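Enquirer: Sequence plus predicted model, see below.
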Amino acid sequence: MTMKCIYTGTEFPQASGEHVLQNFLGARWTSNRIVCNEAQELFGRTIDAELEKGLREFRALLGTKGGRRDPGPTLKRVQGSKGTTFHLLPGGIPALAEPIVKDTVSADGTVTVDVKAADIRQLAWAVAQIKRKYPRAPLDIGALRNTLSPRTRYVDEKIHLRSGLGGTDFFRGALKSALNLLGVTENETALSEHCDSVRNFVLHGIGHARNHVRWLTNETAINLPRLGEFDQFLGIYTRDGAIEGYVQFFGEIAYLLRLSDNYHGPDFCHCYTVDPLRESVPAESRSDTLDISTIPSFVAGSEIPNDEVLPVYSERVNRLLTKQKDRAVKIELGRIIEEVLLPHEGEILTDELLNELTNRVAFVFLRHLPGTQDLFEQMQEG
C-alpha cells in the first residue's frame, strides 16, 4: 500500500511518524501516512526549528518535555538586571553561567576572596582566575573541595528574556501543524487543489504569510477544549466557503489560520489539545466538537503586528507569565514543606520546626509581593 505526501505529492510505501503538532510542544500524536521522509527532514531543520526558536523561552520557563520525552532547552548566557550572566535551566531555574570572584584587601594587606560557583568545575575555573591575579596564593583545589559550603540562594535580580514570535518561517511551522491535522482527518481535502496555496507556502515559502496567518486583535480568552493551564491547541474547521484554523501555544500565544479560501466540500471541524506538562488525565484529546462562533474569523485578524495587536499579545504573554509564576510558587512551597517536614514524618511537630516552616514559606511570598524587592535583598544579605 502506498501513501501520498500532502506536501510534495510524491507516493511512498512507508515513512517515519510525523508529529501532527511538533514534538517539542509535547505532542505525541503521529502518523506515518501523510508526510514523506524527505519533507520531514526538510521541515525538521528549517520551519520546525524556527517555530521552536520563537517559543523556546516559554518552554524553558515551564520546563515542558517533548513528545518523545526529551528535556526542554537550557537558555544559555541570559543577562540579569545587575549584570550577572546565567544559564536558565528547564523549569526556569537560573544557574550561574560563570563563577563570581570578589576580592577584598584589608589594611594589613590580607586578601579575602569570596567565590560563588554553580558547581565544582566552576570552582576550578575560579581558582585559575585567582592564581592569575595572585600567583603566590597557596590554593589547593583538592583542599578547597573539603571546605565547600553548598548553598542555594534565590536570585535577587531580574532576568531578561526575549522571544521571537512571528516571522515567515515561524508561521510556516504553525501552518504545517494545521495542514498535518487536515491530512490525518480529511486526507483528500489536504491533497486537493484547494490547499495548493498553503502547501506551497509551507513547503517552499512561496506567497505571503498574511494570506494564511493573522494576528489577534482582542486579548479576551477564547472558550476552547481544555486540559490544563498551558495547553497547546490546534483546530481546523470550515466557515463561509473557507478552511480556517486556530492555533494556541502554551495557553495564550495564538494565531488565526486559513488553509483555503475557495472550499466547497462538506463541512468539518477537528481539534487537538495537548497538556505539555502531562499533568492532566488524559494529557491529550482529539475532538470533532468546537464552538467556532467564539473564534474570530480569519478576516477579522490583523495582517501585521501593529499598534492594535501589540497590546493584545503583551496582555496574553503577561497572563502566561502570571500563571507560570503561580505554578512556580506552588512547586517551591511543596519543596519547602517536603524538606522541612518529611524527615520528621510521624513525629510530633516542635515549635522549632513550625517556626522554620513559617519563616521559609513567608520568605517565598515576600519575594513575589510588589514593592518588597529591597527588603528581600536585605534578608538575602542577612
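Expert: Cool, the structure landed. Numbering: from 1, shown residues only.
Enquirer: average model confidence for the helix or strand hosting Lys323?
Expert: Element membership for Lys323, per DSSP states H and E: helix 310-341. For helix 310-341, the mean per-residue pLDDT is 87.
Enquirer: What are the buried residues along it?
Expert: For helix 310-341, burial by neighbour count (16 or more other C-beta atoms under 10 Å) applies to 312-313, 316-317, 320, 323-324, 327-328, 332, 336, 340. Placement of C-beta: from N, CA and C, glycine included.
Enquirer: so how far is it off the chain centroid?
Expert: How far helix 310-341 lies from its chain's middle: 13 Å, per C-alpha atoms, centre = their mean, to the nearest Å.
Enquirer: next one: stretch 268-286
Expert: On C-alpha atoms, centre = their mean, the centre of stretch 268-286 falls 17 Å from that of its chain.
Enquirer: Also stretch 181-200?
Expert: 29 Å.
Enquirer: Average pLDDT for that stretch, rounded please.
Expert: Mean predicted lDDT for stretch 181-200 stands at 97.
Enquirer: With stretch 352-360 instead?
Expert: 76.
Enquirer: would JSON lines of the buried residues of helix 310-341 with distance to Gly207 be doable?
Expert: Listed next are the buried residues of helix 310-341 as JSON lines, based on distance: C-beta to C-beta, whole Å:
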{"residue": "Val312", "distance to Gly207": "25"}
{"residue": "Tyr313", "distance to Gly207": "24"}
{"residue": "Arg316", "distance to Gly207": "27"}
{"residue": "Val317", "distance to Gly207": "28"}
{"residue": "Leu320", "distance to Gly207": "30"}
{"residue": "Lys323", "distance to Gly207": "35"}
{"residue": "Gln324", "distance to Gly207": "35"}
{"residue": "Arg327", "distance to Gly207": "39"}
{"residue": "Ala328", "distance to Gly207": "41"}
{"residue": "Glu332", "distance to Gly207": "47"}
{"residue": "Ile336", "distance to Gly207": "53"}
{"residue": "Val340", "distance to Gly207": "59"}
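Enquirer: number of nearby residues for Gln79?
Expert: Neighbour count of Gln79, defined by other C-beta atoms under 10 Å: 15.
Enquirer: Kindly apply the preceding question to Ser297 instead.
Expert: 15.
Enquirer: State the phi and psi torsions of the closest residue to it other than its chain neighbours.
Expert: If the residues on either side of it in the chain are set aside, Ser297 comes closest to Arg239, at 6.7 Å by C-beta to C-beta, 6 or more residues apart in numbering. Phi and psi for Arg239, reported as degrees, to the nearest 10, are phi -160, psi 120.
Enquirer: Tell me where this structure is predicted with low confidence.
Expert: 140-155, 363-382 (pLDDT under 70).
Enquirer: Domain ranges for it, per the record?
Expert: The record's domain parsing of the chain by automatic domain parsing lists 3-63+163-300, 81-145, 320-381.
Enquirer: closest one to Pro73 among those?
Expert: Checking these against Pro73 by C-beta to C-beta gives domain 3-63+163-300 as the closest, at 5.4 Å.
Enquirer: would you list every one of the strands in the stretch 101-250 of the chain?
Expert: 111-116, 213-215, 232-239, 242-249 (DSSP state E, counting those that start in this stretch).
Enquirer: for the first one, packing partners?
Expert: Right, the one you point to is strand 111-116. strand 100-105, helix 120-133 (3 or more C-beta pairs under 8 Å, 6 or more residues apart in numbering; DSSP states H and E).
Enquirer: One more: the third one?
Expert: Here strand 232-239 is seen to pack against helix 168-185, strand 242-249, strand 269-274 when contacts are counted using 3+ C-beta pairs under 8 Å, 6+ apart.
Enquirer: In CSV: these, plus distance to Asp261 and mean neighbour count.
Expert: Shown next, in CSV, are the helices and strands packed on strand 232-239 (distance: least, C-beta to C-beta, whole Å; neighbours: other C-beta atoms under 10 Å):
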stretch, distance to Asp261, mean neighbour count
helix 168-185, 14, 24
strand 242-249, 5, 24
strand 269-274, 18, 22
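Enquirer: can you redo those as TSV with distance to Leu61?
Expert: Output for the helices and strands packed on strand 232-239, formatted as TSV (distance: least, C-beta to C-beta, whole Å):
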stretch	distance to Leu61
helix 168-185	19
strand 242-249	13
strand 269-274	17
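Enquirer: For Ile304, find the nearest of those.
Expert: Of all the helices and strands packed on strand 232-239, helix 168-185 comes closest under C-beta to C-beta, at 12.1 Å.
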